[in-house]
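Trainee: Everything below, folded, please.
(one chain, ligands or ions: 1)
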Amino acid sequence: MDSINSKFIDIQHAEMSFSTKKGIFNALTNVNLTVSKGEFITLIGHSGCGKSTLLNLIAGLTQATGGMLLCGNREIAGPSPERAVVFQNHSLLPWLTCYENVYLAVERVFSATESKAELKARTRAALALVGLSHAEQKRPNEISGGMKQRVGIARALSMEPKVLLMDEPFGALDALTRAHLQDELLKIVAATGSTVVMVTHDVDEAVLLSDRIVMLTNGPSATIGEILEVKLARPRERVMLAQDPLYSQYRTAVLEFLYHRQSHPAAA
Ligand SMILES: Nc1ncnc2c1ncn2[C@@H]1O[C@H](COP(=O)(O)OP(=O)(O)OP(=O)(O)O)[C@@H](O)[C@H]1O
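Mentor: Numbering: from 1, shown residues only. From the prediction side, this is the model:
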């Protein structure tokens with residue numbers, strides 16, 4: 001793999017401090033991470049360690065106070081449809097239908113170069129990818145939480161982002177819906193070859209989805225404590241994996257990091 005693709009996202013010595021009433025709060029320090037094109041990375045760590053802060057830096061929603069962040073060899077200077085974000089709370093516009101919510105994003109990215117018919121086709125294709133063609137004309141208050149998240153994912157994917165950034169996208173969902181969406185995400189990512197960076201609290205979710213699990217130390221001044229490479233073959237199937245000793249080993253390694261080496265700040 002050439003160096004642009006193997007360092008598709010390239011984070012070097014990233015620092016993030018916030019000015020607070022009590023003074024400067026250093027959230028992240030010396031974060032170094034490269035992500036290859038097509039790789040699925042999860043960020044895991046205790047609450048408040050800095051996972052969202054790091055994701056927001058990659059999204060360009062906030063600017064690092066030190067170090068360098070590149071995507072595709074270009075400095076990340078602000079938000080861009082190249083790096084689409086899916087948040088925990090779907091963030092759909094309630095007065096628009098599912099179709100219109102996705103169309104808005106498609107229009108923003110492709111209207112300068114494509115016809116209306118092409119924009120419509122893109123919108124339909126994105127909704128079909130997440131299995132929501134039947135709900136195109138529904139408004140967010142008429143569909144379930146899992147469906148709303150799927151619209152959020154469709155909206156992000158419809159922009160053909162180079163990177164899909166997800167901040168606990170399934171965190172607010174019940175366990176079964178969550179499992180179903182994880183399976184769907186695995187299929188979508190296999191079909192689209194997307195590069196994904198996802199924040200999660202869920203160890204099983206991290207092992208199931210990731211090529212590498214990036215474990216953050218507790219804050220303040222959090223950094224990457226360890227990176228675990230997950231060498232489970234794809235496609236992955238949750239019921240088979242549950243009996244796979246390698247799966248249990250990975251799971252134990254993450255739990256060991258979180259509960260022995262980085263015990264929760266409140267428990268320390
Ligand atoms: N805008 C801000 N101003 C001041 N402090 C902030 C700001 N944003 C985040 N922080 C602090 O930075 C630290 C990291 O926050 P962050 O939201 O990134 O953690 P997290 O790991 O995503 O947490 P959780 O898992 O609970 O969502 C926390 O101590 C938080 O209070």
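Trainee: which bits of this protein sit near the ligand?
Mentor: 18, 20, 25, 27, 45, 47-53, 219 (Cβ under 6 Å from any ligand atom). All C-beta spots, glycine's among them, are computed from the backbone N, C-alpha and C.
Trainee: One more pass at 5 Å, please.
Mentor: By Cβ under 5 Å from any ligand atom, the residues of the chain that approach the ligand are 18, 20, 27, 47, 48, 49, 50, 51, 52, 53.
Trainee: was I right about the third one contacting residue 223?
Mentor: If I follow you right, that is residue 27. No - Residue 27 lies out of contact with residue 223 (Cβ atoms under 8 Å); the separation is 10.4 Å.
Trainee: between these two, which one's more packed in?
Mentor: residue 27 (20 against 17; other Cβ atoms under 10 Å).
Trainee: Can you name the residues that contact that one?
Mentor: The contact partners of residue 27, by Cβ atoms under 8 Å, 6 or more residues apart in numbering, come to 16, 17, 18, 50, 53, 219, 220, 221, 222.
Trainee: if we can go back for a sec, farthest pair within the residues of the chain next to the ligand?
Mentor: Largest separation among these by Cβ to Cβ: 20 and 51, giving 18.9 Å.
Trainee: quick one, which of the two is more surrounded?
Mentor: More neighbours surround residue 51 than the other of residue 20 and residue 51, with 24 against 8 (other Cβ under 10 Å).
Trainee: returning to that earlier point: mind checking which of the residues of the chain next to the ligand are in strands?
Mentor: Among those, DSSP state E puts 18, 20, 27 in strands.
Trainee: what's near enough to touch residue 136?
Mentor: Each residue near residue 136 by Cβ under 8 Å, 6+ apart is listed here: 97, 98, 99, 124, 127.
Trainee: Burial check on whichever residue of the stretch 151-268 of the chain sits closest to the ligand, number of neighbours?
Mentor: Residue of the stretch 151-268 of the chain nearest the ligand, by Cβ to the nearest ligand atom: residue 219 (5.2 Å). Around residue 219 there are 20 other residues, counting by other Cβ under 10 Å.
Trainee: Find the nearest non-adjacent residue to residue 69, please.
Mentor: residue 76 (4.4 Å; Cβ to Cβ, 6 or more residues apart in numbering).
Trainee: List the residue ranges of the stretch 1-150 of the chain that fall below the pLDDT cut-off.
Mentor: 1-2, 4 (pLDDT under 70).
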